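Trainee: Give the three-dimensional model of this entry:
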Amino acid sequence: MGKKSSPSHCTVYVCDGGACARKKSKKVYAPLKALVKERGLKEHITVKKCPCFKTCGKGPVVSIEPGGLRFTQVKPKHVEKILERLDRGAPDKKSKRQDPQSTQRNPE
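Mentor: Coordinates of the predicted model:
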């Protein structure tokens, strides 16, 4: 991940609800938050825990707003790929409509 290509701001929500917490969502949240800080991306990306997305069988779940890009079954090894996706620019509603396959999948 090189230069910061996106001037816009997005929020990355990591589910911390029951099933996601049991599936170790904190092991996704902590490195994601740390990498954003380490790479100086806090101005562009906020990482927050959030309550249940109601997709417990697909957890841990990470959602990016604006745009509604959602990753499921996220593992710590996916954190880098999520940041790479954000480095290309925050998703927007238009891109979500153009690529319905961008939601409900893991980042691999």
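Trainee: in the lengthiest helix in the chain, what counts as buried?
Mentor: When the chain is parsed with DSSP state H, its longest helix is helix 26-38. Neighbour-count burial for helix 26-38 flags 28-29, 31-33, 35-36 (criterion: 16 or more other C-beta atoms under 10 Å). Glycine gets a C-beta too; all of them are placed from N, C-alpha and C.
Trainee: Summarise which helices and strands that helix is packed against.
Mentor: strand 10-15, strand 45-50, helix 79-87 (3 or more C-beta pairs under 8 Å, 6 or more residues apart in numbering; DSSP states H and E).
Trainee: Give the residue spans of the protein that score low on pLDDT.
Mentor: Scanning the chain for pLDDT under 70 picks out the ranges 1-7, 89-108.
Trainee: Please identify the helix or strand for Glu43.
Mentor: Per DSSP states H and E: Glu43 is located in neither a helix nor a strand.
Trainee: Pull the number of nearby residues for it.
Mentor: 10 (other C-beta atoms under 10 Å).
Trainee: that's a helix at Ala21, yeah?
Mentor: Yes: per DSSP: H, G, I helix; E, B strand; the rest coil, Ala21 lies within a helix segment.
Trainee: what number of residues lie near it?
Mentor: 16.
Trainee: Equivalent analysis for the one 3 residues further on, please.
Mentor: Neighbours of Lys24 under the rule other C-beta under 10 Å: 13.
Trainee: for it, what are its contacts?
Mentor: Neighbouring residues of Lys24 by C-beta atoms under 8 Å, 6 or more residues apart in numbering: Pro60.
Trainee: Look up how far Lys37 lies from it.
Mentor: Per C-beta to C-beta, to the nearest Å, Lys24 is found 21 Å from Lys37.
Trainee: And Cys10, by the same measure?
Mentor: In terms of C-beta to C-beta, Cys10 sits 15 Å off from Lys37.
Trainee: same thing with Cys56?
Mentor: 29 Å.
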